[in-house]
Structure formats: structure tokens, C-alpha cells
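K.L.:
Sequence first, then the predicted structure:
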Amino acid sequence: MGDIFRLADEFIDLPLREIGRLLDSDSHEARVGALNIMGKQATRKSASDEIRKQLFDLYLSRTDRINTWDLVDLSAHKVVGGYLLDKPRDDLYRLAQSDNWWERRIAMFATMAFVRLGDLDDTFAIAEILVNDSHDLVQKVVGGMVREAGKRDRPRLLSFLDRHAATAPRVLLRYAIEHLEPDQRAHYLNLGRRQ
């Protein structure tokens, strides 16, 4: 992966058409490269809103090629979340309702861009939609993102856990409580055992 990331640095100015060709590849490594370049282009200080919009549009039009957890986590917060920082976030709620688990994961992980700035509303709102998701890779990201949001607003995390710990999937619960005090972790794990 280090070689791929170095190549992405070298080809950071790759045109969108060529990035699209990389996304078409059956090679996972080529898609890693494409998404790494997209993330780098989207987060450059010199990137115009028009470039960010084009990257965002390409990303959402090609989610069929962003269909593994690592591809999502490499790019969703930079390309999707970063673009939506100052825009309506309806696309995230549409993705959260998708039949495809990776689109639901994109919706949740994209909110990392907001969490880093202390904007937690969409993270918790999308977590409410996905809290009982059937796919473990969605459960993990929901738990991880509410945990990260909880670092900024512990009472809000605890309120979420109070509502959902008894019925949430165990993997989600374990990710969500990871940074709580031992007695709090035990409390929420015991609630989860009442399922």
C-alpha cells in the first residue's frame, strides 16, 4: 500500500477521466490508488469548489466500485464529507437507506469530516437510522463514529447508548463503548445481554 500511496502523490493531478478508468479496474490496488488521489485532490487547499463537486459527483456515481470497507474508509470523509461541510446533506440520508451495505457505510463514515469540526448532528442522526443494521461492517462503523462523536459530546453518546444498548448489535456496542470508563462499559454491556 505504501507504493500505491507514493504513486498517488506522484499522480495527484490525474484528470477525472483517468481516475474513472482506475475505478473501473478489477484490481483492488488500482481502486485504492484512484480513491487516494481523489482524497488528496479534494483536501488540497487550492482545490476549487467546482473540483470538489466533480470529485463528489464521480464518487457518488461510482459507489459500485467503492464496495469494500477499506475503500470507503480511505475516501468517504474526504471526498463526500469534505464536500458537504457547508452544504445540505440529503445525499447521506439517501445513502443510509441504500440496499448496499457499502453505501450505508459511506453515509456513516463521511460524517467523520463533520465530527472533526465538532458538528455532530448528522453523525447521531444517521446512527439512529443504522443502529440496527444487519451488516457487521455497518455496525462497526456506526459504533466507531458514535464513539468518535462521543469524544466531543459525552452526554450525547451516553444518551444514545441509554436508548440503544439493550437492543443494538454487540459489535456496534463494543465499538461505541471502547473509550468509556470500565464501570460504564460494564453497565452498557450488561444492558446488551438482556436481548
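P.N.:
Received the coordinates, thanks.

K.L.:
which ones are touching the residue most central in space within the chain?
P.N.:
Note on the chain: the residue nearest the mean C-alpha position is Phe109, at 1.1 Å, using Cα atoms, centre = their mean. Shown in contact with Phe109 (Cβ atoms under 8 Å, 6 or more residues apart in numbering): 72-73, 76-77, 81, 141, 145. Yep, even glycine has a C-beta here, placed from its N, CA and C like the rest.

K.L.:
want to throw the residues you listed into TSV with neighbour count and distance to Arg170?
P.N.:
Formatted as TSV, the contacts of Phe109 follow (neighbours: other Cβ atoms under 10 Å; distance: Cβ to Cβ, whole Å):
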residue	neighbour count	distance to Arg170
Val72	26	22
Asp73	17	21
Ala76	30	24
His77	23	25
Gly81	26	27
Val141	30	15
Met145	26	17
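
K.L.:
Show me which of these is closest to Gly2.
P.N.:
Asp73 (17.0 Å; Cβ to Cβ).

K.L.:
Let me know the distance separating the closest one from Leu7.
P.N.:
Going from Asp73 to Leu7 by Cβ to Cβ, to the nearest Å gives 19 Å.

K.L.:
State the next helix or strand along the chain beyond the helix or strand harbouring Met108.
P.N.:
Using DSSP states H and E, Met108 maps to helix 101-110. Beyond helix 101-110 on the C-terminal side, the first helix or strand identified by DSSP H and E is helix 112-115.

K.L.:
Return the list of helices and strands in contact with that following helix.
P.N.:
With contacts defined as 3 or more Cβ pairs under 8 Å, 6 or more residues apart in numbering; DSSP states H and E, the packing partners of helix 112-115 are helix 121-130, helix 136-152.

K.L.:
Noted, bye for now.
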